[in-house]
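Asker: can't give you the sequence, but here's the structure:
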């Protein structure tokens, strides 16, 4: 069993992921909870052929931005990918799982996508050409492998702080509302989950809130204000296969796999969860 995540954060080290051919993907894979946020686009995911980029653009009708097929003519403008988005065009490769999932996340979580793009563009403008800072790395990691998590129970948070994985993944916490997944944001996670059984690791931003509806707005606002994602170390790793019901085998031996459920590194600390802004 291979441990992996997208953006070089897997238990076995960075490697290039090669997704399966469209015809080789069993449509039942999209029943997994990881795909809950894009399940409304089942025909685009499980149809017999790839949607053309122009058709995808018309179908999703993203406000203020257009999906444009990435080709040599488009890239000839020399713009940074994020800068082009800020000007209203998302470069999208045809017949490509990664870019299809990216488009679907734009359709389902546009406020997060727009906040990330605006913050990336600020950093691009501040950096010398070809250079990247740690905030840009954090923003990219969240874009590729991000998960928004709602936490209500302080005991659950303490277990996560300590990498006490068995306590964190106690089913009663997830079934009783102490913790829950609000949204899988990372489109690279979705691409890798096309191959069932992979041990994916999400990079998480937490919100301490009673109402799930407030979580996405809270994260989008914090990204826009620069209050989160200033460094990759601020992101909390979450071994997604440990969530009750997210993996076929979840016995003691499974949770004892220290290559996947990694112990806390000495000195590693995580920022506290975000708090929703009170409505005045």
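Answerer: Received the coordinates, thanks. This structure is a prediction, so every number in the text was calculated from the model and none was measured.
Asker: in stretch 172-185, what counts as buried?
Answerer: Under the neighbour-count criterion of 16 or more other CB atoms under 10 Å, stretch 172-185 has 173-174, 178-185 buried. From N, CA and C alone the C-beta is placed, and that goes for glycine too.
Asker: centre of the chain to that stretch, how far?
Answerer: Distance of stretch 172-185 from its chain centroid, counting by CA atoms, centre = their mean, to the nearest Å, is 16 Å.
Asker: same check, this time on stretch 262-276
Answerer: 18 Å.
Asker: what does that stretch rub up against?
Answerer: 11, 151, 157, 160-163, 205-209, 211, 214-215, 217-219, 222, 227-228, 233-234, 236-237 (CB atoms under 8 Å, 6 or more residues apart in numbering).
Asker: show me which of those are buried.
Answerer: Neighbour-count burial (16+ other CB under 10 Å) applied to the contacts of stretch 262-276 gives 11, 151, 157, 160, 163, 205-209, 214-215, 218-219, 222, 228, 234, 236-237.
Asker: return the subset of those residues lying in helices.
Answerer: If you go by DSSP state H, the buried ones among the contacts of stretch 262-276 have 157, 160, 214-215, 218-219, 222 in helices.
Asker: and the residues you listed, which two are furthest apart?
Answerer: 160 and 214 (20.3 Å; CB to CB).
Asker: thinking again about what came up before, if we take the buried residues of stretch 172-185, which one ends up nearest to residue 146?
Answerer: Closest to residue 146, out of all of these and judged by CB to CB, is residue 185, at 3.9 Å.
Asker: that closest one reaches residue 112, doesn't it?
Answerer: Yes - using CB atoms under 8 Å, residue 185 makes contact with residue 112 at a distance of 6.0 Å.
Asker: could you dump the ones in helices among the buried ones among the contacts of stretch 262-276 into TSV with pLDDT and distance to residue 89 added?
Answerer: What follows is these, written out as TSV (pLDDT from 0 to 100; distance: CB to CB, whole Å):
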residue	pLDDT	distance to residue 89
157	97	40
160	98	39
214	91	32
215	96	29
218	97	29
219	97	25
222	97	27
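Asker: reformat those as a markdown table; add distance to residue 30.
Answerer: What follows is those, written out as a markdown table (distance: CB to CB, whole Å):
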| residue | distance to residue 30 |
| --- | --- |
| 157 | 31 |
| 160 | 28 |
| 214 | 28 |
| 215 | 23 |
| 218 | 28 |
| 219 | 25 |
| 222 | 30 |
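Asker: for the closest residue to residue 88 other than its chain neighbours, list the residues it contacts.
Answerer: Nearest residue to residue 88, sequence neighbours excluded (CB to CB, 6 or more residues apart in numbering): residue 65, at 5.4 Å. Going by CB under 8 Å, 6+ apart, residue 65 touches 85, 88-90, 106.
Asker: kindly report the same for residue 77.
Answerer: Taking CB under 8 Å, 6+ apart, one finds residue 84 in contact with residue 77.
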